[in-house]
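> missing the sequence, but the structure's below:
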């Protein structure tokens, strides 16, 4: 397994380490629910260095990315990031990525499990263009600091120039000779920042973020992949391998807002046809009765008729109810409908609801 630059730090903190997409990553430190709730009420730091970090530069960088991204990258202003999908010719999702446009390059953050596939896809599709692809995953680290206390923490205690950085904006800079890129983004439903730093500076950055501050600064505690998953699920954010995969298209996944069908890209023709006839299934939220959580693969029924399948589920720590996302037959995916979910051979009643389940105050 690959290890991030923070692996020894996780061990010293007593993290439970697991294999995640070939990386040894912290699942939890103190407990998933405790880490989840601390993120919702204060601030947590996550090691997300397993995510792929690909740099695309050269005169044709924008044109190259517009060939493969569902989003129109040419319309991204310098200093802005945008969520996008990469598709195969049939419109199936190869990965979901964040593309950030700088003056001289674009930064593409992809899923750990898909990094090599994405890099190969780029090289194949960039043929004939004046563009360079640089995989910087091994040379850098990536930290996510998330929660309602994060913006004040950075304003008062972190010596980085965030200025009036808006959501999905980013800045680059140098601190003590260390280059960094700071994004105002995240995967928890909370506000916060994600930072790319040199791998050699990862431990120092982590220690600075988690330094005890008493009453003077918010307490930032480490959180693992377990809380990251429950947080993103409450926030209705899809996860590759669950809501997103090569048999699902962006329109069925409810991500049409990240697709520009007016431009040509890999999979555009197939997506135009899906848009014309309408998706046959749609991603929906489910709130379950009782306390039992549904898991990926659980069948969803309308009476005795199967109408879909759960993609993710948990007992939402903030919501206090079991929640799930599922693909349902399009004609049965309307909000308010009553369905049943098969949980280990027993049927649990559930109500179809809009996503997200949780929305932070002011969002």
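Good, I have the coordinates. Everything numeric here is computed off the predicted structure, so don't read it as measured data.

> What residue in the protein is the furthest from its centre?
Centroid-distance maximum for the chain: residue 304 at 35.0 Å, with CA atoms, centre = their mean.

> hang on, isn't residue 356 packed against residue 188?
No: Residue 356 is not in contact with residue 188 according to CB atoms under 8 Å; the separation is 11.2 Å. In short, each C-beta sits where N, CA and C put it, glycine included.

> Can you work out which residues contact both of those two?
Contact criterion CB atoms under 8 Å, 6 or more residues apart in numbering; residues bridging residue 356 and residue 188 by contacting each: residue 235.

> the more surrounded of those two?
Under the neighbour definition other CB atoms under 10 Å, residue 356 and residue 188 were set side by side, and residue 188 has more, 25 against 18.

> could you check the distance from residue 73 over to residue 125?
In this view, residue 73 and residue 125 are 13 Å apart by CB to CB, to the nearest Å.

> Between those two, which is the more surrounded one?
Set side by side, residue 73 and residue 125 give different neighbour counts by other CB under 10 Å, the larger being at residue 73 (25 against 16).

> Can you give me the pLDDT of the spatially closest residue to the more buried one that is not a sequence neighbour?
In space, and not counting its chain neighbours, residue 73 is closest to residue 65: 4.4 Å by CB to CB, 6 or more residues apart in numbering. You'll see residue 65 listed with a pLDDT of 98.

> And residue 304, by the same measure?
Looking at residue 304, its pLDDT stands at 89.

> contacting residues for it?
Shown in contact with residue 304 (CB under 8 Å, 6+ apart): no residues.

> same thing with residue 224?
For residue 224, the contacting residues are 15-16, 25-29, 32, 35, 46, taking CB under 8 Å, 6+ apart as the criterion.

> quick one: which of these sit in helices?
With helices identified by DSSP state H, the entries of the contacts of residue 224 that belong to them are 32, 35.

> List buried residues within the contacts of residue 224.
Among the contacts of residue 224, those scoring as buried are 15, 25-29, 32, 35, 46 (criterion: 16 or more other CB atoms under 10 Å).

> Including distance to residue 308 and pLDDT, could those go into CSV?
Rendered in CSV, the data for those read as follows (distance: CB to CB, whole Å; pLDDT from 0 to 100):
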residue, distance to residue 308, pLDDT
15, 36, 98
25, 30, 98
26, 33, 98
27, 29, 98
28, 30, 98
29, 35, 98
32, 26, 98
35, 31, 98
46, 31, 98
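
> and which of the residues you listed is nearest to residue 229?
Nearest to residue 229 among the buried ones among the contacts of residue 224: residue 32, at 8.3 Å, using CB to CB.

> Residue 228 is in contact with the closest one, correct?
No: taking contacts as CB under 8 Å, residue 32 lies outside contact range of residue 228: 9.4 Å.

> Show me what residue 81 bridges to in the sheet.
Beta bridges link residue 81 to residue 100, judged by DSSP bridges.

> Make sure it is actually in contact with residue 97.
No: in this structure, residue 81 sits apart from residue 97 without contact. The criterion is CB under 8 Å, and the distance is 10.1 Å.

> Pick out whichever of those two has more residues nearby.
Neighbours were counted for residue 81 and for residue 97 using other CB under 10 Å; residue 97 has more, 27 against 21.

> Distance of the more buried one relative to residue 258?
10 Å.

> Next, show the common contact partners of the two.
Counting by CB under 8 Å, 6+ apart, the contacts common to residue 97 and residue 258 are 83-85.

> Now the terminal residues of stretch 140-153, how far apart.
Distance across stretch 140-153, first residue to last, is 23 Å (CA to CA, to the nearest Å).

> Report the buried residues of it.
Of the residues in stretch 140-153, those buried by neighbour count under the rule 16+ other CB under 10 Å are 140-151, 153.

> quick one: residue 114 from residue 144, how far?
Using CB to CB, one gets 18 Å for the distance from residue 114 to residue 144.

> measure residue 83 to residue 204 for me?
Between residue 83 and residue 204 the distance is 30 Å, computed by CB to CB.

> So which of these two has more stuff around it?
Relative neighbour count places residue 83 above the other of residue 83 and residue 204, with 17 against 13, counting by other CB under 10 Å.

> give me the element that one is part of.
strand 80-87 (DSSP states H and E).

> do the same with residue 182
strand 178-183.

> For that strand, what is the distance to the chain centroid?
Using CA atoms, centre = their mean, to the nearest Å, we find the averaged C-alpha position of strand 178-183 to lie 19 Å away from the chain's own average C-alpha position.

> and that strand, what other elements does it pack with?
For strand 178-183, the helices and strands in contact under the criterion 3 or more CB pairs under 8 Å, 6 or more residues apart in numbering; DSSP states H and E are strand 93-101, strand 170-175, strand 192-198.
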